[in-house]
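*Asks:* pasted the sequence and its predicted model underneath.
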There are 2 protein chains.
Amino acid sequence: MTERKREILALSQSVLKEKGYAATSVRDIAKSLDMEPASLYSHFKSKEDILKITCFEMADKFELAVKEVNDIYFNAEEKLRMAIKLHVEILTQNLDSALIFIRDWRNLTGTSLTQFTAKRNVYEEGFREIVHTGIDEGIFNETDKKFAALTILSSVNWIVEWYKPDGNLNAEQIAHKLSNFILSGLKKDINK
Amino acid sequence: MTERKREILALSQSVLKEKGYAATSVRDIAKSLDMEPASLYSHFKSKEDILKITCFEMADKFELAVKEVNDIYFNAEEKLRMAIKLHVEILTQNLDSALIFIRDWRNLTGTSLTQFTAKRNVYEEGFREIVHTGIDEGIFNETDKKFAALTILSSVNWIVEWYKPDGNLNAEQIAHKLSNFILSGLKKDINK
DNA sequence: CTGCTACGAACTAACGTTCGTTAGGCAAAT
DNA sequence: ATTTGCCTAACGAACGTTAGTTCGTAGCAG
């Protein structure tokens, strides 16, 4: 990908995240780039092409991250903490893409959609595996793995809805709080 | 609202939830109702009118539920469990509306959008209040109230993404699991 | 250093389609 | 007699996209 294409992609993403993919027109994107709509087609095959690249680049990042974590030999708590940390880092460092990735992937069509959900399954499975490891090790409560992984991922992904780069929590602090919450819950343990 | 309007609203919602509000045309809705597009305008002022009614009806339900819970004199754990239970019930009993409510409210414009986010704040504040109560009572960990409320709500709302009415978990079971998870976390307490 | 070629990146103009919506009418129900 | 619920027809605007062109510049042969 040329430098210019990357630049246009990034700017397009910052426009797309505002109103969502479906509600944003090619003309909207072009206007905020001070370009003619047609000029975008020198760089991208179609509007969906932009969505596709965005979603797959993010999916690749997440897939890689959770794979890395599972390849390292740690105990489950460390694995989970690291997976959450990496996940939060990817989200916060690519906030525009992340928003599009989370909200708009449903607008993909045909094989793109199929391949995307497949990729998504892979990294969700990665989280399930971490939970599984924890149960095997006897340090996580016996629980519905699928349910737990979904709940963890939802808390993590929801960050994009409220995270502000200039807020008072950085990515690492968010990851730490979130890990504590997920591992120990809200209730004070009166036995400790 | 007339019976017919209610009926058309429900059917519209089941269409809208599939591809999302912005990607669904009035003609799409009409087609699946075996109607002419223009006929919809005998019942609704505009396409956005359908979205508006959907979002506000759901917001009202949630607002009412969390208000009820906070008015009842219970301890914080009971309050939270009840709030989650009511929330899950509303989500699962109105799955189409819930999906639109959660995914598509951003497509509201003008004062509708302003009023909606205000309502949303009210019930999010209701959750923060429950967390606050728990901290005051000394039964919840000292924590970032806003952060905790957001995390709780994200887990609860994410249910709409995977819940299937004919799945093997009913609303009450989901609420129970979710409450346990949120209250006690994933980690086994070796002191108990 | 000059002149030619190739190409990237933008443009103008326009295509056919779909969009949300309105106007006006007609038949059945109240 | 009025209202309800739907129709046909059509409006103007916006949509994604294509075709064809221009302009600047980088690479290279003479």
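*Replies:* It's in. Numbering: from 1, shown residues only, chains lettered A, B, ... in the order given.
*Asks:* quick check: closest non-adjacent residue to A:Ser184.
*Replies:* Closest residue to A:Ser184 apart from its sequence neighbours, by CB to CB, 6 or more residues apart in numbering or on different chains: B:Gly185 at 4.2 Å. Where you see a C-beta, it was placed from the backbone N, CA and C, and this is true even at glycine.
*Asks:* pretty sure that neighbour contacts A:Lys188?
*Replies:* No: the pair B:Gly185 / A:Lys188 is not scored as a contact, 11.6 Å apart, by CB atoms under 8 Å.
*Asks:* neighbour-wise, which of the two wins?
*Replies:* With neighbours defined as other CB atoms under 10 Å in any protein chain shown, B:Gly185 and A:Lys188 compare such that B:Gly185 has more, 21 against 17.
*Asks:* pLDDT score for the residue nearest to A:Ser184?
*Replies:* For B:Gly185, the model assigns a pLDDT of 84.
*Asks:* what's the distance between it and B:His132?
*Replies:* Remark: distance between B:Gly185 and B:His132 (CB to CB, to the nearest Å) = 20 Å.
*Asks:* next one: A:Glu137
*Replies:* Distance, A:Glu137 to B:His132, by CB to CB: 35 Å.
*Asks:* cool, A:Ala59 as well?
*Replies:* With CB to CB as the criterion, A:Ala59 and B:His132 are 38 Å apart.
*Asks:* between these two, which one's more packed in?
*Replies:* Each of A:Ala59 and B:His132 has its neighbours counted (other CB under 10 Å); A:Ala59 has more, 20 against 16.
*Asks:* hang on, isn't the more buried one packed against A:Gly126?
*Replies:* No: judged on CB under 8 Å, A:Ala59 makes no contact with A:Gly126 at a distance of 12.0 Å.
*Asks:* the longest helix seen in chain A near chain B anywhere?
*Replies:* When chain A is parsed with DSSP state H, its longest helix is helix A:110-136. Yes: Helix A:110-136 lies within reach of chain B by CB under 8 Å from any CB of the partner chain, at A:131, A:134.
*Asks:* same for that helix, what does it pack against?
*Replies:* For helix A:110-136, the packing partners by 3 or more CB pairs under 8 Å, 6 or more residues apart in numbering or on different chains; DSSP states H and E come out as helix A:47-71, helix A:76-93, helix A:145-157.
*Asks:* ok and it relative to helix A:145-157, angle-wise?
*Replies:* Taking axes from the mean of the first three to the mean of the last three CA atoms, to 10 degrees, one finds helix A:110-136 and helix A:145-157 inclined to each other by 110 degrees.
*Asks:* helix A:110-136: how far from the chain's middle?
*Replies:* 12 Å (CA atoms, centre = their mean, to the nearest Å).
*Asks:* same question, stretch A:83-103
*Replies:* With CA atoms, centre = their mean, you get 4 Å for stretch A:83-103.
*Asks:* and it, what's buried?
*Replies:* Buried positions in stretch A:83-103, judged by neighbour count with 16 or more other CB atoms under 10 Å in any protein chain shown: A:83-92, A:94-103.
*Asks:* which residues sit against it?
*Replies:* Under the criterion CB atoms under 8 Å, 6 or more residues apart in numbering or on different chains, residues A:10, A:13-14, A:16-17, A:20-21, A:51, A:54-55, A:57-59, A:61-62, A:65-66, A:68-69, A:126-127, A:130, A:152, A:156-157, A:159-160, A:163, A:165, A:170-172, A:174-176, A:178-179, A:182, B:103 lie in contact with stretch A:83-103.
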